[in-house]
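K.L.:
give me coordinates for this.
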Amino acid sequence: MIISVEIARELRYELGMVGFTHTQLSQASWSGNECLSVGMLAVLVESFIVHARLMDEFLGGRGGRRKDDVAAGELVSTWERLGFLTEAYRIRMDKQLMHFTTGRRRRERWPIHAIARGLANTYLAFYDLLDVDDQYELEGTADNARDILERCENDPRNEIYLGLVWAEAHEEGLHE
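P.N.:
Below you'll find the model as predicted:
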């Protein structure tokens, strides 16, 4: 199947947003988060999580798709549904960011590099199955994924845990 211009544009956007937010979060964590307000850190973490969650669904991480959802398996017939998030992370993302529920918890931080690595590796496996024309349409997305992997690999800390914690949000006046 030839990837449409619209789908290619959306995939470039999603990988670009994951790459951008991952870069910003990596840099912020080196400074002890002193370069960002707690509110801005929360915006970046939540943006990273939302775009990663969307890519997990696209790559096949969960069933229950809506009729107009796009899935990697529709674009590459040999693609096996390979989401990169655990079911526990999907549920947590849904409760914490995607749905207004009583099950929200903001005490836990997210393993940013682990999520980024899973996304990048899974996306590259998908990309490698595309024909040359489709790879051309998705120009730059594989580079974004490789940049994410390089950033993770070059970080001597191996992992960064970031997220909004209620005590920090209260100090910033983000909630009572």
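
K.L.:
can you tell me the element the one residue sitting closest to the centre of the chain falls in?
P.N.:
Geometric centre of the chain, nearest residue: Ala52, 1.9 Å, by Cα atoms, centre = their mean. Assigned by DSSP states H and E, Ala52 belongs to helix 38-58.

K.L.:
what inclination does the longest helix seen in the chain have with respect to helix 38-58?
P.N.:
For the chain, the longest helix by residue count, based on DSSP state H, is helix 5-30. Relative orientation of helix 5-30 versus helix 38-58 (axes from the mean of the first three to the mean of the last three Cα atoms, to 10 degrees): 140 degrees.

K.L.:
if we can go back for a sec, avg pLDDT for the helix holding Ala52?
P.N.:
Taken as a whole, helix 38-58 carries a mean pLDDT of 89.

K.L.:
okay, strands next: where are they in the chain?
P.N.:
110-111, 161-162 (DSSP state E).

K.L.:
tell me which of those is the most buried.
P.N.:
strand 110-111 (a mean of 20; mean count of other Cβ atoms under 10 Å). (Each C-beta comes from the backbone N, C-alpha and C, glycine too.)

K.L.:
pairing partners for that strand, with directions?
P.N.:
strand 161-162 (antiparallel) (DSSP bridges).

K.L.:
per-residue confidence averaged over the strand it pairs with?
P.N.:
On average, strand 161-162 scores 69.

K.L.:
low-confidence regions, this structure specifically.
P.N.:
Applying pLDDT under 70 to the chain picks out residues 1, 29-36, 63-64, 101-107, 158, 162-176.

K.L.:
so what does the helix holding Ala52 touch, helix or strand wise?
P.N.:
helix 5-30, helix 87-93, strand 110-111, helix 112-129, helix 166-171 (3 or more Cβ pairs under 8 Å, 6 or more residues apart in numbering; DSSP states H and E).

K.L.:
looking at these, which is nearest to Glu139?
P.N.:
helix 5-30 (7.9 Å; Cβ to Cβ).

K.L.:
check which residues of the closest one are buried.
P.N.:
Judged by neighbour count using 16 or more other Cβ atoms under 10 Å, the buried positions of helix 5-30 are 7-8, 11-12, 14-15, 17-19, 21-22, 24-26, 28-29.

K.L.:
buried ones in the helix holding Ala52?
P.N.:
Across helix 38-58, burial judged by 16+ other Cβ under 10 Å covers 38, 41-42, 44-58.
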